[in-house]
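In: here's my sequence, what's the structure:
(2 chains)
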Protein chains: 2
Amino acid sequence: MTLAELETPALLLDRARLESNLARMRAALAPHKVDLRPHLKTAKNVEVARLMTAGWSGAVTVSTLKEADQFFAAGFADILYAVGIAPNKLPHAARLHAAGARLGLIVDSQEAARQVAGFGRDHGVQFPVMIEIDSDGHRAGVRPGDAELLRAIAEALAGGAELAGVMTHGGGSYGATSPQAIADHAELERAGAVGAAMILRESGFACPVVSVGSTPTALFARHLDGVTEVRAGVHCFMDLVMAGLGVCGVQDIAISVLASVIGHRRDEDWLIVDAGWMAMSRDRGTQNQRVDQGYGLVCDAAGNPLDDLVVVSANQEHGIVASRRGAPLDLARFPVGTMLRILPNHACATAAQHGRYQVLENGRPVGEWERFGGW
Amino acid sequence: MTLAELETPALLLDRARLESNLARMRAALAPHKVDLRPHLKTAKNVEVARLMTAGWSGAVTVSTLKEADQFFAAGFADILYAVGIAPNKLPHAARLHAAGARLGLIVDSQEAARQVAGFGRDHGVQFPVMIEIDSDGHRAGVRPGDAELLRAIAEALAGGAELAGVMTHGGGSYGATSPQAIADHAELERAGAVGAAMILRESGFACPVVSVGSTPTALFARHLDGVTEVRAGVHCFMDLVMAGLGVCGVQDIAISVLASVIGHRRDEDWLIVDAGWMAMSRDRGTQNQRVDQGYGLVCDAAGNPLDDLVVVSANQEHGIVASRRGAPLDLARFPVGTMLRILPNHACATAAQHGRYQVLENGRPVGEWERFGGW
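Out: Numbering: from 1, shown residues only, chains lettered A, B, ... in the order given. The predicted structure is shown next:
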């Protein structure tokens, strides 16, 4: 089969780039003597999950209980659901627990801890629970030095859940734009999580797991002393946001959307393609980076970037491709039917718009890997 | 069943609002003596499609061949695929044709017309083809007065396809902010399509169908003389973009995302909810409207808007809810587990993130309607 036989738009996955990205993460973490608990929210696919966990303990991270269901059914038993738990999800979590999953939950308040512990006592289930730490003021979590709250949460869990450890996600690292700044961010993440674990241990609570992570910090951390596991997800595919941060090169991006030229707008030097926001997502993650990639960077069908062509505008099933700097475009190079590959701003968001990957080896489609979505 | 028994996030569909929105469209179009060929790209669901076509001819519009497959299987036979056709999709389109669908295609260039006609001659299939008209300089299409190009396309189709008519989509109407401006836009759409049809007819081509439409122009058109059918889609659900244009009220929006509070950020007066961009989409369609609704307008579980609370920021599975104007928020009103309903900026984009609708009657879930996605 050749690319030309695919119907567009289609989500392509370059297997060699995927494996190279995974090898890079293995090499980066090797000196730190930590486990990798890959985040599967980017891939939502069992084959990719198997490659991401190869050489590690097999522990995984998910962003939905649907992912937990699917990956547990595929043989992954140690699963961290890394979004603060809402009470309406506890019965679902308990079903997974009863089926044999070690399903970890996270909380960042006494209130949530009491709910989990209360449910645990009422239903005879001891969930492993991690306290979420806000190491960088980014979003959710307990401030690392808030000893009183850490202890209060640990006490609220006692008797109804297992305090498994602490976890943090240095989401602020997505704003760091040099290896130095990312490494500083990794240290903030590490120190916050380790410090919180120390407070808990000094207060008499076992806190075996210290979990940190994001793709940038995992790759650029100077050391991870005191950390037991790292979570990262987008490293499998990489994307234009990561390239814009200097975390990878454009040539490392393993997924792209195959699109076709469906028309031209001669007075504007536009190509119209059949990949709009439904195929690319509305993610504009590079908008505030040094290079704004629009809704995606346009390559030829073989994956070579075409000068500065980007998707400048997107409707549901239409994308408008033009020069980023407004340069004239020789439309005759791109007749109707020309196939293009578009690299995504944000791999998680673009992949989520598709039901399958078309896996490429040596530039040829060799099979389909099913994705799932929803909750 | 009650809302409290649903797992969040979940996509809710208020059936009474849906039916009221459909009745409004029927009433608006009744004086114009046109058919409605509803666009099913918003709903992507068979039950909604049946309600949208009730009282009309049963003709429908789709944005993907996957929609064509699904709706044809559900009994809809007259289908317009309203995105310029790429050659790699012609075999798929031919399969639908062979199965008995009247599947219309659109083209806006001689090049595409030659491809469709060539395929038609080679494979013995005469697709009904519409010439796309660019009535408002919005995106794709032939300029209405470009008689030379219109005739050239019609000639290119001859012998290999059936010239079924002309169609235009006044997408520029989404920038019109008063009933007057929308009505002006509807006239631009109407005059462009009817003018192009006249040119073709005067040149000896039958051009039976004159198809126009968008939800705003369909509802506000002063007259539709010469038009035979109207296409509109988002009128079934409405959304905050439509409300921002004055096309509907917030209380008309039929879909919302049910979410749960999972935490608080006390120093910022934030609620953290379990609906991020995966549940809401990244669509920020109200960003440049008079009222920026963030990633969605927040209501209580019964659907009543809560002051000026919006989703101010979104990660994959986390939404941050705060006051739009930065007002302090009494977080104690919203303990962990509180359910909220979030109205979407753009119904097509938000619904696309979900696999099903939870249908509500009198505020209670009465069943699930499956959605599909992909290509």
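
In: how about the residues of the stretch 101-250 of chain A near chain B?
Out: A:D108, A:S109, A:E111, A:A112, A:Q115, A:R139, A:A140, A:G171 (CB under 8 Å from any CB of the partner chain). Every residue, glycine included, has its C-beta placed from N, CA and C.

In: so which of those comes closest to B:M25?
Out: Distance to B:M25 across these (CB to CB) is lowest for A:R139, with 41.1 Å.

In: ok, which stretches of chain A are helices?
Out: A:15-29, A:46-53, A:65-73, A:90-98, A:110-123, A:147-157, A:179-202, A:215-220, A:240-244, A:277-280, A:347-351 (DSSP state H).

In: any chance of JSON lines for those, columns mean pLDDT, distance to B:S260 and mean neighbour count?
Out: JSON lines is the format used below for the helices of chain A (pLDDT from 0 to 100; distance: least, CB to CB, whole Å; neighbours: other CB atoms under 10 Å in any protein chain shown):
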{"stretch": "helix A:15-29", "mean pLDDT": "98", "distance to B:S260": "33", "mean neighbour count": "17"}
{"stretch": "helix A:46-53", "mean pLDDT": "98", "distance to B:S260": "27", "mean neighbour count": "20"}
{"stretch": "helix A:65-73", "mean pLDDT": "98", "distance to B:S260": "13", "mean neighbour count": "20"}
{"stretch": "helix A:90-98", "mean pLDDT": "98", "distance to B:S260": "11", "mean neighbour count": "17"}
{"stretch": "helix A:110-123", "mean pLDDT": "98", "distance to B:S260": "11", "mean neighbour count": "19"}
{"stretch": "helix A:147-157", "mean pLDDT": "98", "distance to B:S260": "19", "mean neighbour count": "19"}
{"stretch": "helix A:179-202", "mean pLDDT": "96", "distance to B:S260": "25", "mean neighbour count": "21"}
{"stretch": "helix A:215-220", "mean pLDDT": "96", "distance to B:S260": "28", "mean neighbour count": "28"}
{"stretch": "helix A:240-244", "mean pLDDT": "97", "distance to B:S260": "28", "mean neighbour count": "24"}
{"stretch": "helix A:277-280", "mean pLDDT": "98", "distance to B:S260": "27", "mean neighbour count": "28"}
{"stretch": "helix A:347-351", "mean pLDDT": "98", "distance to B:S260": "21", "mean neighbour count": "26"}
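
In: nearest to B:V227, of those helices?
Out: Using CB to CB, these put helix A:277-280 closest to B:V227, at 27.6 Å.

In: for that closest one, what is the distance to the chain centroid?
Out: 18 Å (CA atoms, centre = their mean, to the nearest Å).

In: which neighbouring elements make contact with it?
Out: strand A:255-265, strand A:305-314 (3 or more CB pairs under 8 Å, 6 or more residues apart in numbering or on different chains; DSSP states H and E).

In: report the angle between the axes of the last one and strand A:255-265?
Out: Just to be clear, that refers to strand A:305-314. 70 degrees (axes from the mean of the first three to the mean of the last three CA atoms, to 10 degrees).

In: give me the residues contacting strand A:305-314.
Out: A:250, A:270-271, A:273, A:275-277, A:280, A:282, A:292-300, A:319-325, A:327, A:329, A:340, A:342-343 (CB atoms under 8 Å, 6 or more residues apart in numbering or on different chains).
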